[in-house]
Structures are given as C-alpha cells and as structure tokens.
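Peer 1: sequence and computational prediction follow.
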Amino acid sequence: MSTKYVLAIFGVLLIFIGGLFYAASHSAQSSVVTIGEGYINVESAQFVRSNMGIASNSGNKNVTYEEIATAFVGQVGSGDFKLHKNYGTNFGDTNVGIYTLGNGAKAHMATTNSTCLIIQLKNGEYLIVGNEDTQAIATSFSQNVYKLSPFQ
C-alpha cells in the first residue's frame, strides 16, 4: 500500500476521533442547570430521544421541592449508582442523558464528574448533576431547594 493511502486513512481516522471528542464535550456543555427558589431545572438536548424524527420527551427536567424524597452529594459509577446508558453521551466522567442505575431506577443525568448531586424523587427516579465544582451546585441547591442529607 502506498504512503499516500496510509496517510489518507490516518487523516480520516483523526477526523472521526476528533468528531467523537467534540460530540462528547459539546453535549456536556449544552446542559444548563438552573437553581431557583424551590426548584432545580436541567436543560439538555440529550434528554430528548428521537424515534424516527419524533421527539418522545422534553429536553428539560424540572424538579420542585415537593417532588424530592432525598438529596445528597455522592459518587456514581458503582453499586446502586452503577450507570447503564439508555441514550445520551458517556465519555469518561461525562454522562449526559437518560440512564438506568444499578438499583434499577431511571436517572436524568448531566454530569462531568463522578462526584455528583444526587436527587432521589418520590416517584423513584433520580436527577443527577455535577461538574468540576459539584460542591457549589450542592450548596446552592441546599440553600434554595432542599436541605441535603449527609454525604453518602
């Protein structure tokens, strides 16, 4: 095989791998967490699943104080919080989309960190968010929405 063909194949592979990195980082950056008095809202394109071009659910997950069973800062990735992606993005510690947890519960996730704010809802589902400063998210959440349980 000639050198020009090897270089062409290598170039195509680099473009493909770069596209994967871009998609993973772009989906995490496109998630917006808003904390207000009595609510947390997460907006993410990864919360929308397309079935033949028809969106099956909203790109927002809004949770009010009344819907919360418990909330705490914890680790995801093992045990009850082992992650099984239904749809969305997972790349390293970046997990954005809809997941099934190790305990069988459904979770809306928007995190770039294994240390997350974990919110269990009264209906059994979870909202899990985090970034490089998860503690700041948790502090704001605790002050405005729901008092956190001790670290679990």
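Peer 2: Cool, got the structure.

Peer 1: and the strands in the chain, which stretches?
Peer 2: 32-36, 39-43, 50-51, 54-55, 60-64, 68-75, 83-91, 94-101, 106-111, 115-121, 126-130 (DSSP state E).

Peer 1: my guess is residue 148 meets residue 71, correct?
Peer 2: Yes. The pair residue 148 / residue 71 is scored as a contact, 5.4 Å apart, by Cβ atoms under 8 Å. Placement of C-beta: from N, CA and C, glycine included.

Peer 1: any common contacting residues for these two?
Peer 2: 141-142 (Cβ atoms under 8 Å, 6 or more residues apart in numbering).

Peer 1: pLDDT value on residue 27, please?
Peer 2: pLDDT for residue 27: 46.

Peer 1: nope, residue 59 is what I was after
Peer 2: 79.

Peer 1: counting neighbours, what do you get for it?
Peer 2: Neighbours of residue 59 under the rule other Cβ atoms under 10 Å: 15.

Peer 1: check the one 4 residues further on too.
Peer 2: If you count neighbours by other Cβ under 10 Å, residue 63 ends up with 21.
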